[in-house]
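generate a structure from the sequence data that follows.
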Amino acid sequence: MRNKLLLGLTLTTSLTAPAFAEQWYEVGTSTIEIALADKDSLQRAGNTAVMNVFHGFEYGQGEGSSIYYAKRKLEFNCNARQVRQLQIDTFDVSHAAMQARSFDNNWLALETGSAEEAASAIACGAAFTGESYTDPFSASDDYWDYMYYYYGDGSSAS
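Coordinates of the predicted model:
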């Protein structure tokens, strides 16, 4: 009986635990965000590449300042240095998914020094470097915890 109970609890726990198969790598930071790119989502075809990019924000963003995380599927035109958003999922401070949001998916020029520019370099052929993370929420939270511990409000980081 005890073995059946233990087996049941183990199966229940494994079914409810989050499954993160992705490998996320840091691609950029600023005074308000950290961006991570998902190596396993990268798909290249000709001059374009599609990849998921996760953003963790220091402060809430958007209407009501309630968005603390965003997972975006981005398409990059490698030759034209352009990016467009194909999908966005937003999350609140407790990592809970938020209501779907509308967005514009027009091609935009990559801004110099942006997280999108860094992600584009990787999507278009540069190597992933640094430590990989399986959970972008934890990686983002750990980053902001580190920044607060060493810099106070996080704004003194370079």
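
show the contacting residues for the most centrally placed residue in the chain.
For the chain, the residue nearest the mean C-alpha position is residue 54 (1.1 Å; Cα atoms, centre = their mean). By Cβ atoms under 8 Å, 6 or more residues apart in numbering, the contact list for residue 54 reads 24, 35, 36, 37, 38, 69, 70, 71, 72, 136, 140. From N, CA and C alone the C-beta is placed, and that goes for glycine too.

if it is in a bridge, with which residues?
Applying DSSP bridges to residue 54 gives these bridge partners: residue 36, residue 71.

would you map the strands across the protein?
Secondary structure of the chain, counting by DSSP state E: strands at 24-29, 33-38, 43-45, 48-61, 67-77, 82-91, 108-109, 132-133.

put the alpha carbons of the second one into PDB.
Listed next in PDB are the C-alpha coordinates belonging to strand 33-38 (Å, rounded to 0.1, in the frame of the first residue of the first chain):
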ATOM      1  CA  GLU A  33      15.700  44.200 -18.500                       C
ATOM      2  CA  ILE A  34      17.600  41.000 -19.100                       C
ATOM      3  CA  ALA A  35      17.100  39.100 -22.300                       C
ATOM      4  CA  LEU A  36      17.600  35.400 -22.900                       C
ATOM      5  CA  ALA A  37      17.500  33.500 -26.200                       C
ATOM      6  CA  ASP A  38      16.200  29.900 -26.600                       C
END
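
most tightly surrounded among the strands of the chain?
Among the strands of the chain, strand 33-38 has the highest mean neighbour count (mean count of other Cβ atoms under 10 Å), at a mean of 24.

which strands and helices lie in contact with that strand?
When contacts are defined as 3 or more Cβ pairs under 8 Å, 6 or more residues apart in numbering; DSSP states H and E, strand 33-38 sits against strand 24-29, strand 48-61, helix 115-123, helix 136-151.

angle of the second one against strand 24-29?
Spelled out, it's strand 48-61. Inter-element angle recorded for strand 48-61 and strand 24-29: 70 degrees (by axes from the mean of the first three to the mean of the last three Cα atoms, to 10 degrees).

over to the third one?
An angle of 140 degrees separates the directions of helix 115-123 and strand 24-29 when computed by the same axes, to 10 degrees.

quick one: list the elements packing against helix 115-123.
In terms of contacts (3+ Cβ pairs under 8 Å, 6+ apart), helix 115-123 is packed against strand 24-29, strand 33-38, strand 48-61, strand 67-77.

cheers, nothing more for now.
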